Structure formats: C-alpha cells, structure tokens
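S.K.: Mind looking at a prediction? Sequence and model below.
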Amino acid sequence: MERFVLQQQLRAALAAHELWRSHLVQAALSGRSRLTAEDARRVDACEFGRWLDRLGELPEVPQVEAVRDLHRRFHAEAAAVLELALAGRRGEATRALGPGTRFDEASQRLTAALQGWAGAI
C-alpha cells in the first residue's frame with residue numbers, strides 16, 4: 001500500500017474516532033442515539049474498521065494486530081457507554097466518558113497506536 005494513502009487512512013481514523021466521542025457525549029446528555037449499543041460494539045460500524053478488515057494480514061506491519069485489538073476494545077467501551085445513556089443513566093454515561101475511565105483509556109491507547117503507526121510509515 002502506498003505510504004501517503006496509508007497515512008491518510010490513519011489520519012481519517014483518528015478524526016472519525018473523535019467523532020465517536022462527540023456522538024457518545026451527545027447520547028449521554030440526551031439519552032438518545034441513532035445507534036444502538038450493539039451497533040456501536042461492531043468493529044465494522046465505522047469506516048476505519050471496514051478498511052482495517054480489508055487490509056487482511058500484513059506480516060510486515062506489526063502494528064496491524066495491535067491496532068485491531070485496540071479498535072475492538074474501543075468499540076466495546078463505546079457500546080458500554082451507549083448502553084448507559086440509552087438506559088436513561090445519563091450521569092453514569094457522562095462519567096464513563098471522563099478522564100481515567102475504561103473508555104478514556106481505550107480511546108487514548110487506540111489514538112497512540114494510530115499515531116505511532118502513522119509515524120512509523
């Protein structure tokens with residue numbers, strides 16, 4: 001894969017996952033979402049997840065499997081926050097997005113892995 005294209009895809013993934021956080025904040029505040037928790041749990045619910053699946057096995061890129069694992073964890077934590085929000089537990093959902101939470105850790109680790117991958121290209 002061309003270096004520039006890969007860097008663009010990784011930058012797009014970072015931007016898209018920031019939008020996920022924004023969506024979850026809105027869901028926590030309103031108790032509503034266009035997504036279900038099950039939708040959020042799916043790693044192919046985002047364009048980056050679909051792109052990552054299309055990459056297949058890339059033995060020369062050790063970051064791929066680590067990013068896949070972190071991406072799965074991010075979506076699992078996003079789904080957990082969304083479950084709280086949609087169950088009317090908006091305060092808990094808001095707190096679950098805060099610093100030091102499982103969602104925050106998953107988000108930071110995924111961001112760091114994507115930035116590291118982009119930097120290694």
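M.R.: Ah, there it is.

S.K.: The helix or strand bottoming out on mean pLDDT in the chain packs against which elements?
M.R.: Across the helices and strands of the chain, mean confidence by mean pLDDT, DSSP states H and E is lowest for helix 47-55: a mean of 82. Judged by 3 or more Cβ pairs under 8 Å, 6 or more residues apart in numbering; DSSP states H and E, the packing partners of helix 47-55 are helix 3-30, helix 63-86. Yep, even glycine has a C-beta here, placed from its N, CA and C like the rest.

S.K.: Just say which of those is most tucked in.
M.R.: helix 63-86 (a mean of 20; mean count of other Cβ atoms under 10 Å).

S.K.: and the helix or strand just after that one, what other elements does it pack with?
M.R.: Next in sequence after helix 63-86, counting helices and strands by DSSP states H and E, comes helix 90-96. Under the contact criterion of 3+ Cβ pairs under 8 Å, 6+ apart, helix 90-96 touches helix 3-30, helix 63-86.

S.K.: export helix 90-96 as PDB, just CAs?
M.R.: Provided in PDB are the C-alpha atoms of helix 90-96 (Å, rounded to 0.1, in the frame of the first residue of the first chain):
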ATOM      1  CA  ARG A  90     -27.100   9.700  31.700                       C
ATOM      2  CA  GLY A  91     -25.000  10.800  34.600                       C
ATOM      3  CA  GLU A  92     -23.200   7.400  34.700                       C
ATOM      4  CA  ALA A  93     -22.700   7.600  30.900                       C
ATOM      5  CA  THR A  94     -21.200  11.100  31.200                       C
ATOM      6  CA  ARG A  95     -18.900   9.900  34.000                       C
ATOM      7  CA  ALA A  96     -17.900   6.900  31.900                       C
END
